[in-house]
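Asks: coords below, sequence missing:
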């Protein structure tokens, strides 16, 4: 009986120990959960705070319809100014080359007329081929000017509309910049147009573009015939 009591007491003690150990593990697990929860919460709060800090500039930006239209009108004027500058440069270059081609043609024609009677047939053919090529160059440059001028006029219209849109949207600086670029482009093109018009006036006066080819061989032949008539002996001219 004493032995039985000892065994029973030992069993109850062991059971109590295991129960205490189980409660301890449960307490540790619960403590870990309780301890981890604030950590996750702090991490979540930190992430939320970081997101809030990143969102501050966006929250402060003005997304009203007026502000968006104003910004869009400024972007339109920037694009229109770029298109205008490129088309203006192309037109100025084409007008410069056109005027230069006309001056070369007029100069060639003037020299040709002055020396055609003294040129041999081979030299006259070579000069005339150069004249034909220069006439084709003038025509090509003229067509190029017309094409670039069409693009330039489109750019002018777009810039005027962009400047008006910026002014109506309240983008005063963009509107003023567009107007200044318009005035500058128009003044430059007008000045170069005047140079081209003066060159065309000289071309019309010289008739270098449509003058016919001269025949230098005809004059020496006529002179030879005159000389032969003068060399006829007087005896053949007397009447018997």
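Replies: Arrived safely. Values in this document were obtained by computation on a predicted structure and should not be read as measured data.

Asks: what stretches of this structure score poorly on pLDDT?
Replies: 1-62, 214-240 (pLDDT under 70).

Asks: let's go with 80 and repeat that
Replies: Confidence mapping of the chain against pLDDT under 80 gives the ranges 1-62, 116, 214-240.

Asks: which residues of it fall in strands?
Replies: Counting by DSSP state E, no segments of the chain form strands.

Asks: mind listing the helices for it?
Replies: 2-60, 65-115, 121-169, 172-206, 218-230 (DSSP state H).

Asks: tell me what the second one is packed against?
Replies: Meaning helix 65-115. Under the contact definition 3 or more C-beta pairs under 8 Å, 6 or more residues apart in numbering; DSSP states H and E, helix 65-115 sits against helix 121-169, helix 172-206. (Glycine included, C-beta is placed from N, CA and C.)

Asks: could you check the angle helix 65-115 makes with the first one?
Replies: The reference is to helix 121-169. 160 degrees (axes from the mean of the first three to the mean of the last three C-alpha atoms, to 10 degrees).

Asks: and helix 121-169 with helix 172-206, angle?
Replies: 160 degrees.

Asks: leaving out chain neighbours, which residue sits closest to residue 79?
Replies: Nearest residue to residue 79, sequence neighbours excluded (C-beta to C-beta, 6 or more residues apart in numbering): residue 162, at 7.8 Å.

Asks: contacts for stretch 179-186?
Replies: Around stretch 179-186, the neighbours that count as contacts under C-beta atoms under 8 Å, 6 or more residues apart in numbering are 81, 84-85, 88, 152, 155-156, 159-160, 163.

Asks: cool, and stretch 74-86?
Replies: For stretch 74-86, the external contacting residues (C-beta under 8 Å, 6+ apart) are 152, 155-156, 158-159, 161-163, 165-166, 171, 174-175, 177-178, 181-182, 185.

Asks: quick check: buried residues in it?
Replies: Residues 74, 76-77, 80-81, 83-84 are the ones in stretch 74-86 that count as buried (16 or more other C-beta atoms under 10 Å).

Asks: which of these sits closest to residue 208?
Replies: residue 84 (34.9 Å; C-beta to C-beta).

Asks: any idea how far the closest residue to residue 98 other than its chain neighbours is from residue 104?
Replies: Excluding its sequence neighbours, the residue lying closest to residue 98 (C-beta to C-beta, 6+ apart) is residue 141, at 3.9 Å. Between residue 141 and residue 104 the distance, using C-beta to C-beta, to the nearest Å, works out to 11 Å.

Asks: fine, thanks again, bye for now.
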